[in-house]
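Got a sequence here, can you build the structure:
(one chain, ligands or ions: 3)
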Amino acid sequence: MALVTTKEMFKKAFEGKYAIGAFNINNMEIIQGVVNAAAKLNSAVILQVSKSALAYAGPKYLMAMVNAAIEETGIDIAVHLDHGPDLETVKKVIDAGFTSVMFDGSHFEYEENVAKTKEVVDYAHSKGVVVEAELGMLAGVEDDVNVAAEHATYTDPDQAVDFIKRTGVDSLAIAIGTSHGAYKFKGEAKLRFDILENITAKLEAEGIHNFPIVLHGASSVDQNCVKTCNDFGGKIDGASGIPNDMLRKASSMAVCKINMDTDLRLAMTAGIRKFFGENPSAFDPRGYLGISRELIQKLVEDKIENVLGSKDSMK
Ligand code: G3H
Ligand code: 13P
Ligand code: ZN
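Ligands and ions are numbered 1, 2, ... in the order given. Sure thing, here's the model as predicted:
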């Protein structure tokens, strides 16, 4: 019934072989859609905020809405900085009341990533805030970082163990074939579960038990949703995501946090396009934003029940 860190959430998720959904928030309708779903299914949830979301909505507005969501629903919510670029941003969001931060140093050379992550961990831990870091490089676009597929690199398991030991980080985002955005695979979807397994085994061998792993770029890009967008004037051709059964498998392994943003964007856009296609004379924002809020709630309910397995994690 509170604003919490992800520590306890991940402990329960690892033991229960499920994952907590981390949904990117940018406005009130997205927040309400996500938390209404979580409250209905008694699930803990992570609301995450990117640098561009911070610039768009402002930390004060976002935190005020998150606090209202906690008061209204009574569920456990962690507020997390997604892809934090530097210590300055980390300090800003901790002051605003965030309970968890990601420092993304994955585009730096290894030693620099270690040093910068360690600096963030020391600061955040002194404030009671937990830290996620990233090792290996996902393809795709996030904020101003654009990684072409040929420059993406899988996470090296030995390096992951060294990184976790040296930085003291609380969770680690790894690259096993997921990518940001709506165009994840040209051909067949493939994730390197062997790397995930290997990381967990090597950590266990070092005495590091139940260490939570994070999957970014994990939207499933529902084809019905893409079709609705395209049927009503959109042009999102060839979009594809991570199949739900792969996400379910990852949730039952060491993956305790699954990041989804693209799926929310697509649901919202499909709802709004369809609404205007069918109601060309409408212009009340509550009409189209209300529909998109309902679609987001439906989407998140489906994720909690059928992909993450986090239903009733609040019990
Ligand atoms: O990983 C990136 C997220 O989808 C956030 O995207 O920077 O456009 O808010 P954004
Ligand atoms: P998607 O683009 O697959 O939704 O990934 C979002 C993400 O990883 C946010 O950090
Ligand atoms: Zn991400």
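
ok, the residue sitting nearest the centre point of the chain to Glu109 distance?
Nearest residue to the geometric centre of the chain (CA atoms, centre = their mean): Asn259, 2.1 Å. Per CB to CB, to the nearest Å, Asn259 is found 24 Å from Glu109. Just so you know, the C-beta spots here come from the backbone N, C-alpha and C atoms, and that holds for glycine as well.

Run me through the strand neighbours of the helix or strand harbouring the residue nearest to the centre of the chain, direction for each.
Using DSSP states H and E, Asn259 sits in strand 255-260. Applying DSSP bridges, strand 255-260 is found paired with strand 20-24 (parallel), strand 213-215 (parallel).

Could I get those in a markdown table, plus columns for mean pLDDT?
Output for those, formatted as a markdown table (pLDDT from 0 to 100):
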| stretch | mean pLDDT |
| --- | --- |
| strand 20-24 | 98 |
| strand 213-215 | 98 |
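
how about the ones you listed, which one is nearest ligand 1?
Closest to ligand 1 of the strands paired with strand 255-260 is strand 20-24 (CB to the nearest ligand atom; 5.2 Å).

residues contacting the residue nearest to the centre of the chain?
Contacts for Asn259 (CB atoms under 8 Å, 6 or more residues apart in numbering) come out as Ala22, Asn24, Gln48, Asp82, Val214, Leu215, His216, Gly217, Ala218.

check these against ligand 1, which are close?
Asn24, Asp82 (CB under 6 Å from any ligand atom).

By neighbours, which of the contacts of Asn259 wins?
Most neighbours among the contacts of Asn259, by other CB atoms under 10 Å: Ala218, with 30 neighbours.

ok, now how distant is the closest residue to that residue other than its chain neighbours from Lys127?
Counting by CB to CB, 6 or more residues apart in numbering, Ile258 is the residue found nearest to Ala218 once chain neighbours are left out, at 4.8 Å. Computed as CB to CB, the Ile258 to Lys127 distance reads 26 Å.

any chance you could map the strands in the stretch 51-200 of the chain?
77-84, 100-103, 130-135, 140-142, 145-147, 171-174 (DSSP state E, counting those that start in this stretch).

The third one pairs with which strands?
Going back to what we said before, that points to strand 130-135. Checking strand 130-135 against DSSP bridges gives partners strand 100-103 (parallel), strand 171-174 (parallel).

What is the nearest of the contacts of Asn259 to Leu54?
Asp82 (9.5 Å; CB to CB).

can you tell if stretch 66-85 touches ligand 2?
Yes - using CB under 6 Å from any ligand atom, stretch 66-85 reaches ligand 2 at Asp82, His83.

Tell me how far Leu191 lies from ligand 1.
Using CB to the nearest ligand atom, to the nearest Å, Leu191 is found at 18 Å from ligand 1.

Contact partners for that residue?
Per CB under 8 Å, 6+ apart, neighbours of Leu191: Ile176, Gly177, Thr178, Ile242, Met246, Ala250.

what about the residue of the chain most remote from its centre, which helix or strand?
Distance from the C-alpha centroid of the chain, by CA atoms, centre = their mean, peaks at Ser281 (36.2 Å). Using DSSP H and E, Ser281 sits within no helix or strand.

Kindly report the same for Phe10.
Assigned by DSSP H and E, Phe10 belongs to helix 7-16.

neighbours of Ser251, just the number please.
The number of residues packed near Ser251 is 25, by other CB under 10 Å.

Look at it and report its pLDDT.
Looking at Ser251, its pLDDT reads 98.

For stretch 188-195, which residues meet the burial criterion?
Using 16 or more other CB atoms under 10 Å as the test for burial, stretch 188-195 gives Leu191, Ile195.
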